[in-house]
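1. test case, fold it:
(one chain, ligands or ions: 2)
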Amino acid sequence: MRIAVLGAAGRMGQALTRALHTTPGCEIAGGLETAGSPAIGRDIGEIAGLDPIGVPVTDDPHALFAHVEGVLDFTLPHATTELVALSAQARIVHVIGTTGFSDEQLARIDAAARHAAIVKAGNMSMGVNLMTALTKRVAEILGPEFDIEILEMHHRHKRDAPSGTALMLGEAAAQGRAVGLADRAVRTRDGETGPRAEGDIGFATLRGGDVVGEHSVIFAGPGERFELTHIASDRGIFARGAVRAALWARGRPPGLYSMADVLGL
Ligand SMILES: NC(=O)C1=CN([C@@H]2O[C@H](COP(=O)(O)OP(=O)(O)OC[C@H]3O[C@@H](n4cnc5c(N)ncnc54)[C@H](OP(=O)(O)O)[C@@H]3O)[C@@H](O)[C@H]2O)C=CC1
Ligand SMILES: O=C(O)C1=N[C@H](C(=O)O)C[C@H](O)C1
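-> Ligands and ions are numbered 1, 2, ... in the order given. Sure, this is the predicted structure:
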């Protein structure tokens, strides 16, 4: 499968190039960066710390999308929203790892999914997707006397909060309780908050250093506390998930798919 990496010089872009390089059946067919980036014209393999592979990074998405079968997109919300429309036009697979979308941007991704097979997940690792399924089940079993709090920590460069993963886990907890996340989410606490309301789903965000990504779902009940935790120490777990998603989506009908679909969870 001929696949391009969008945001090729980024932290995830480089991990994606390395994952594609070692996956049988995949060809690194291009890389995209923003106009003016020092990465333009450089070899995508070299950028990722590999030997040169003869594929220069471009800033022209139109030419790139015309000759690939799929793209892996870990960029920025506004960039993904523009680029996914090009995948819809070209009818190619688009794997979205980017997080931090507004409702309006999500609606534009939904629209693109009428024409292209799109896989989107706030976290592409096997471990977090298992944890998401478990969170839904535990929330279903434990009931509202167990308070749910979601804690995440990421590196100092992360731009969005709560993380896409934290929101995925919150959505799973809300589904387990058969409530809407938007109705029960408490995303910040400061000052005179009053006591915690039963049924709230709280989020807490930590940022610092080079932490790849850590998430806990805490179920705090009367006399006991139950926690699910995932710790990522290597971005390769997300990259391998994204490559797997692209191969899975190849030849599928247009639609918006999740990693749970890809992994059969
Ligand atoms: N779903 C998952 O499993 C995971 C998701 N993520 C998400 O992926 C995203 C990227 O994370 P990360 O790699 O750490 O971020 P980086 O900032 O390291 O990388 C993003 C790259 O995208 C480039 N970019 C921005 N706009 C465009 C554009 N229009 N066309 C091409 N390239 C563009 C940036 O260039 P420039 O620097 O010039 O702006 C940058 O090189 C985040 O939203 C993050 O939350 C991260 C890890 C796992
Ligand atoms: O920005 C990151 O780094 C990560 N982003 C994703 C998120 O928002 O959950 C996934 C992972 O935790 C790393």
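
2. how about the helices in the stretch 51-200 of the chain?
-> Along the stretch 51-200 of the chain, counting by DSSP state H, counting those that start in this stretch, helices occupy 61-66, 77-90, 103-112, 126-142, 164-176, 181-184.

3. and among the ones you listed, the most buried is which?
-> helix 164-176 (a mean of 23; mean count of other C-beta atoms under 10 Å). From N, CA and C alone the C-beta is placed, and that goes for glycine too.

4. report the rounded mean pLDDT for that helix.
-> When pLDDT is averaged over helix 164-176, the result is 98.

5. got it, and stretch 74-89?
-> In the prediction, stretch 74-89 has an average pLDDT of 98.

6. so for A9, which of the helices of the stretch 51-200 of the chain sits nearest?
-> helix 77-90 (13.1 Å; C-beta to C-beta).

7. off-centre distance for that closest one?
-> Centre-to-centre, helix 77-90 and its host chain are 16 Å apart (C-alpha atoms, centre = their mean, to the nearest Å).

8. circling back to that earlier point, which one of the helices of the stretch 51-200 of the chain lies nearest to ligand 1?
-> Closest to ligand 1 of the helices of the stretch 51-200 of the chain, according to C-beta to the nearest ligand atom: helix 77-90, at 3.3 Å.

9. residues making contact with that closest one?
-> Contacts to helix 77-90, defined as C-beta atoms under 8 Å, 6 or more residues apart in numbering, come from residues 6-7, 32, 34, 61-62, 65-66, 71, 73, 75, 93-94, 96, 98-102, 105, 108-109, 111-116, 118, 160.

10. hmm, back to that, and the helices of the stretch 51-200 of the chain: which comes nearest ligand 2?
-> The nearest among the helices of the stretch 51-200 of the chain, by C-beta to the nearest ligand atom, is helix 164-176 at 3.2 Å.

11. and the angle for that closest one with helix 126-142?
-> Interaxial angle of helix 164-176 relative to helix 126-142 (axes from the mean of the first three to the mean of the last three C-alpha atoms, to 10 degrees): 30 degrees.

12. check which helices and strands helix 164-176 sits against.
-> helix 126-142, strand 147-154, helix 181-184, strand 201-207, strand 213-221 (3 or more C-beta pairs under 8 Å, 6 or more residues apart in numbering; DSSP states H and E).
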